[in-house]
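> What follows is a predicted structure for the sequence shown.
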Amino acid sequence: MDILTLHPRGSFSLLESRRFLEGFAPAGREATLATGPMRLAFPVEGDWRTAGVALTQSAEGAVRAELTGPPPPGLAGQLARAISVDVDGTGFADVLSRDPVLRAVAARHPGLRPIGFSSPYEAACWAVIAQRLRIVQAAGIAARIRQEHGARPVVAGKELAAFPAPGVLRRVAADLPLPEVKQMRLRAIADAALEGRLDGGRLRAMTADEAVAEVRELPGIGPFSAELVVVRGAGHPDRFPLSEGRLHASMVELYDLPDAEPATLTSVAQRWAPFRSWAALLVRCDREARTGEIARGRRAG
């Protein structure tokens, strides 16, 4: 059995990540906090073989990844980006020290970092699937696509259905339970992934603005979806989401702001640099914990 060991720098809690992921409808995870490791299955960028990974965290903080087979090239980097441990997070303590509001939010979710999609490819597919649907509807369709077309590695004794690799998705697009326009958009996303245009390392090598502009060239990907792909797919740590209305409403409430104008919001978010994505996720997660918006199945976006 192959083992990878990741060493997060700064505060990181696999338990908080798991708690968030298992409440994140697009991920299609069951609530299994009481039983065993955190299990993931996903296509690995490049050769697109599906990897199964069982994650545990030691008392010292190291993350141990037990693999279902030999690691495809690029797996370690993609996994680290997916759970946001590729970034030196020691400086996030400085952000919290100068923002008492965010510090109080972070105290309710200690060690939580952004997690959600295994790759920009999978994030972009979710964005297309979810358009004009309630989140629970979209999550059901994504789960059906995984079950019918994804690989099924056995991870720590449990079979997981992964999202199909782009070559598979392109081949079966016409059979998906989606309108023809979404089938066409998913084919285009699959092509972009196969060509390397959605590679997580490539997008991370760009500035956040450059990466968002690049992703917006894909058909059906608007401002909100592009930010989702860059932040929750490529794991960019320092993008303040300009299109997340519920995040902005939460900031107005938490910081007692006079309005939700972009200049007002970006002024507050500047305090969070260079971890604006991390801070924004904490604020959104805190709102969800209080309101249950996603659990009630509001529309995506």
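Perfect, thanks for sending it.

> helix or strand for the one residue sitting closest to the centre of the chain, which one?
Closest residue to the average C-alpha location of the chain: G116 at 2.7 Å, with C-alpha atoms, centre = their mean. For G116, there is no enclosing helix or strand under DSSP states H and E.

> What pLDDT is listed against it?
Confidence at G116, expressed as pLDDT, is 79.

> just P70 next, same as before
pLDDT for P70: 88.

> Could you count how many residues lie near the nearest residue to it once chain neighbours are set aside?
Leaving aside its sequence neighbours, P70 sits nearest to D2 (C-beta to C-beta, 6 or more residues apart in numbering; 5.9 Å). Every C-beta, even on glycine, is put in place using the N, C-alpha and C of the backbone. Using other C-beta atoms under 10 Å, D2 is surrounded by 12 other residues.

> I figured D2 hits L75, correct?
No - contact between D2 and L75 fails when scored by C-beta atoms under 8 Å: they sit 9.4 Å apart.

> Find residues that contact each of these two.
Taking C-beta atoms under 8 Å, 6 or more residues apart in numbering as the criterion, D2 and L75 both touch L67.

> quick one: the helices in this structure?
For the chain, helices defined by DSSP state H occupy the ranges 14-21, 75-82, 92-97, 100-108, 120-130, 135-149, 166-172, 180-194, 200-204, 208-215, 223-228, 245-255, 262-269, 276-291.

> Show me what counts as buried in the shortest one.
It stands for helix 200-204. 200-201, 203-204 (16 or more other C-beta atoms under 10 Å).

> Equivalent analysis for the first one, please.
Judged by neighbour count (16+ other C-beta under 10 Å), helix 14-21 contains these buried residues: 14, 16-21.

> Also compute the angle for that helix relative to helix 75-82, please.
Orientation check (axes from the mean of the first three to the mean of the last three C-alpha atoms, to 10 degrees): helix 14-21 against helix 75-82 gives 70 degrees.
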